[in-house]
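Asker: Pasting a predicted model and its sequence here:
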Amino acid sequence: MAALAELHRVFTSVSGGRQLLVKFVMADAEAAQQNAVTRVFGVDCEFVYLMCFYHVMAKVHEKLKDVSEYLSKQVMADIYDLHCADSQDVYDEQVQQIITKWSDEEQLVCGYATTNNPVEQFNRLIKRDYTLRPKHKIGALFQLLADCCGHQSVTLRIFKESPEATQQLNARVKDFRNRNLHVDMTPSRPSIDFLLVSPNPDVIHVMSRGCERIYLPELGHSREVAPVSAQMGVNYARMEVFGQPEGGWHVDLSTNSCGWKYYFKFAICIHVRFALQIKNYTGLDGKELYSIVPCLKIAADRIPLVPGCLPVAPW
């Protein structure tokens, strides 16, 4: 708590008397840490206490070891549904439904995750490059942490202002296109459906057929019939078709948005990437493409025509 109080004091000092307003806190699910944050920042701030999803799921896996396979899969699916809820109202409604459903199962015991480390990746860097994992005296530790701060402060960090697709997502889009597992359901101009709906050129309807899964006895679970680089976990993969509208997912390229739950969580999804590719905004590798058609058209207008001869480009 003393360190948090000192952080509050230092911020007030260097910012000219402004108060440090905290909106979100990510830390271990430990009562002592939560109480310390509440005592230091709870008076002036109304913050949301967050936990790392990876470590929450690790604790869930640990608690489900003695639960039947059917219930274990159901619990995992329910938690992923909460993780991908697109609004607070949807989340609250699903929580009530899930708690009611779980209360009817004798094997499901109420409980909460008791530990979590939200800065695991940076913690690993400190242990690997500076402390080298053995314990140090407080003076030596301060010097190592000062070295870490000095090195990290001059290391170039690219700040991303928009979400980027992972290599796995790009590989999945490429694989689905090759196997026709994604279909463009946007009505064509000569069709009647095109006249009945709003002819917005930025809206694409993507129909996902899903990816087949096979059970592997040696692994004890199923796996997608797809390259390893394009495979997705069962709980994220099922959402590709779960709740899919009859005409396919509604993808708006003016905002690069989609109605899939995965998009609400990560602000990027396979359907948006597919729509960008079929519109020739990006290539199969996910990189942006630049059209040269307008330039060629302008150049063609400048080519002199000779009667009885074909136009010849000047270059």
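Answerer: Cool, the structure landed.

Asker: Low-confidence ranges, the stretch 1-150 of the chain, go.
Answerer: The stretch 1-150 of the chain contains residues with pLDDT under 70 at 29, 107-121.

Asker: my read: residue 24 touches residue 50, true?
Answerer: Yes - with contact defined as C-beta atoms under 8 Å, residue 24 and residue 50 form a contacting pair (5.8 Å). (C-beta placed from N, C-alpha, C; glycine too.)

Asker: Between these two, which has more neighbouring residues?
Answerer: For residue 24 and residue 50, the more surrounded residue by other C-beta atoms under 10 Å is residue 50, and the numbers stand at 12 against 9.

Asker: which ones are touching that one?
Answerer: Neighbour list for residue 50: 24, 25, 26, 27, 118 [criterion: C-beta atoms under 8 Å, 6 or more residues apart in numbering].

Asker: For residue 42, state which of the residues you listed is nearest.
Answerer: Residue 42 lies nearest to residue 25 out of the contacts of residue 50, by C-beta to C-beta, at 10.0 Å.

Asker: isn't there a strand covering that closest one?
Answerer: Yes - assignment of residue 25 by DSSP: H, G, I helix; E, B strand; the rest coil places it within a strand.

Asker: Distance check, it against residue 5.
Answerer: Here residue 25 is placed at a distance of 15 Å from residue 5 (C-beta to C-beta, to the nearest Å).

Asker: More neighbours: which of those two?
Answerer: The neighbour count for residue 25 versus residue 5, taken as other C-beta under 10 Å, is higher for residue 25 (17 against 13).

Asker: Check which element follows the longest strand along the chain along the chain.
Answerer: Secondary structure of the chain read by DSSP state E shows that its longest strand is strand 203-208. Once the chain leaves strand 203-208, the next helix or strand it forms, by DSSP states H and E, is strand 213-216.

Asker: buried stuff in that following strand?
Answerer: Of the residues in strand 213-216, residue 213 count as buried by neighbour count, 16 or more other C-beta atoms under 10 Å.

Asker: helices or strands next to that strand in the packing?
Answerer: Secondary-structure packing of strand 213-216 (3 or more C-beta pairs under 8 Å, 6 or more residues apart in numbering; DSSP states H and E): strand 221-224.

Asker: so what strands line up beside the strand it packs on?
Answerer: Sheet pairing of strand 221-224 (DSSP bridges) gives strand 213-216 (antiparallel).

Asker: Provide the contact partners of the partner strand at residue level.
Answerer: Residues contacting strand 213-216 (C-beta under 8 Å, 6+ apart): 221, 222, 223, 224, 225, 234, 237.

Asker: What of stretch 254-266?
Answerer: 81, 83-86, 163, 202, 206, 236, 239-240, 242-243, 245, 249-252, 268-272, 276.

Asker: In PyMOL, select just the buried ones from those.
Answerer: Command for PyMOL, covering only those of the contacts of stretch 254-266 found buried under the criterion 16+ other C-beta under 10 Å:
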select buried, resi 81+84+85+206+236+239+240+249+251+268+269+270+271+272+276
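
Asker: quick one: the residue nearest the centre of the chain from residue 255, how far?
Answerer: Compute the mean C-alpha point of the chain, and by C-alpha atoms, centre = their mean the closest residue is residue 266, 2.8 Å away. Distance of residue 266 to residue 255, computed by C-beta to C-beta: 15 Å.

Asker: and the gap between residue 265 and residue 84?
Answerer: Applying C-beta to C-beta, the value for residue 265 to residue 84 is 5 Å.

Asker: what comes up buried for the host helix or strand of residue 33?
Answerer: Using DSSP H and E, residue 33 maps to helix 31-41. Within helix 31-41, the residues scored as buried using 16+ other C-beta under 10 Å are 33, 36, 37, 40, 41.
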